[in-house]
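Asks: Just need the structure, nothing else, for what follows:
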Amino acid sequence: MPEEDTAGWMRRCILIGAARQSDRWISTLQAAALKSGQDVVLLDDIPTRSDFGDDSRIYLSREHRHFAPTENADRVVVLDGIDRFSGMGDIPEDHARIHLIEVSRQAVEALLWAKTDAIITTATADAARNGEPFVLLGLSVVPPRLEEFGDDPRDRRAIAAIAYLTGEAREAYWCPVHFIYDRQPLKASEVAVTLDMTGPPRALLRGPYLWAPIGRWKIVARFSIDVDGARQELQFRWGPPLKPTTLKTSAEKPGIYEVELEAEWDEIDGMEFTIALVHGCVSGELVFLGATVSSV
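Replies: Sure, this is the predicted structure:
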């Protein structure tokens, strides 16, 4: 590749981070550019500078790796509609979990690439959809109508699960179904999963592996435990999978408990919460009641 291509040369870049809404947003931006007489280039690969001589063009892509921005380039990320899910109930639970992890990874990578507050969220776009257009890199833009979200319980749970990326509070509730269990639960519902603790030392549950932006994140997890289980020492882990914060403790008596842990993400990575049995157990039940994650 020529030397001139190794340095950034694009001065105006728009990353469409919500894959399901990308076609609508790309069409909207192309129409706005045509109306204003500006040139918009849609990238589906990494271009060479010799292919595009005009550095003042606006470059669009669904993939941040396709850009070659200058150090001070305008970087805009469109996350409008990333929290809209539909059809999650039509696929196996494991596939739905993986899809949600991938959506969170794409969003977090887009936020890292942006480096600025030029983020078009659903809330930002809704204000323009219901009022005046906003100006985006010189384009007068009326955000497109989004594809509708589904009404399946899995769709609703997915929306709630990534609210830490889309809501102003940067907080989300993770219901028990988002986690992975070492054995088939004795009972399972959207709000509670009952686990048999009998057996060797092991992780009773782990997950959900949604991605975290750089920063400090807190989890507050709730569970109940019976008389036999309360005698057992438990290890709680929270953080990036390879650098978690850990806590060992015993409940000592049956009841409902909360455990609160904080961890630092020095780089973007998955979020892993684990409840592990430290020693072998001959009897006991733990009921996991979900968790809330928030930025600190």
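Asks: what's the domain layout of the protein?
Replies: 3-141, 170-295 (automatic domain parsing).
Asks: and Leu242, that one's in a strand?
Replies: No - assigned with DSSP: H, G, I helix; E, B strand; the rest coil, Leu242 falls outside any strand and is coil.
Asks: Return the member of the domains of the chain having the minimum mean pLDDT.
Replies: Of all the domains of the chain, mean pLDDT reaches its minimum on domain 3-141 (a mean of 86).
Asks: Can you show me the helices along the stretch 151-296 of the chain?
Replies: Ranges of helices within the stretch 151-296 of the chain are 153-161, 163-166, 227-230, based on DSSP state H, counting those that start in this stretch.
Asks: I'd like the distance from the second one to the chain centre, please.
Replies: The one in question is helix 163-166. 7 Å (Cα atoms, centre = their mean, to the nearest Å).
Asks: I'd like to know which elements that helix is packed against.
Replies: Counting contacts by 3 or more Cβ pairs under 8 Å, 6 or more residues apart in numbering; DSSP states H and E, helix 163-166 packs against helix 93-114, strand 171-174, strand 285-295. The way it works is simple: take the backbone N, C-alpha and C, and place the C-beta from them, glycine included.
Asks: and Trp238, which of the ones you listed is closest to it?
Replies: strand 285-295 (9.2 Å; Cβ to Cβ).
Asks: could you give the angle of the closest one to helix 153-161?
Replies: Comparing the axes of strand 285-295 and helix 153-161 via axes from the mean of the first three to the mean of the last three Cα atoms, to 10 degrees yields an angle of 50 degrees.
Asks: Please, where are all the strands along the stretch 51-200 of the chain?
Replies: In the stretch 51-200 of the chain, the segments counted as strands under DSSP state E, counting those that start in this stretch are 58-61, 69-78, 119-120, 134-136, 139-141, 171-174, 180-181, 187-188, 193-196.
Asks: Sheet partners, orientation included, of the fifth one?
Replies: Take DSSP bridges as the rule and strand 139-141 pairs in its sheet with strand 134-136 (antiparallel).
Asks: Okay, buried residues for the strand it pairs with please.
Replies: Buried positions in strand 134-136, judged by neighbour count with 16 or more other Cβ atoms under 10 Å: Leu136.
Asks: now do stretch 214-225
Replies: Buried positions in stretch 214-225, judged by neighbour count with 16+ other Cβ under 10 Å: 217-219, 221-225.
Asks: same question, stretch 189-199
Replies: Under 16+ other Cβ under 10 Å, the buried positions of stretch 189-199 are 192-197.
Asks: Run through the residues that contact the nearest residue to Arg24 once chain neighbours are set aside.
Replies: Sequence neighbours aside, Pro144 is the residue nearest to Arg24 in space, at 3.9 Å (criterion: Cβ to Cβ, 6 or more residues apart in numbering). By Cβ atoms under 8 Å, 6 or more residues apart in numbering, the contact set of Pro144 is 21, 24-25, 27-28.
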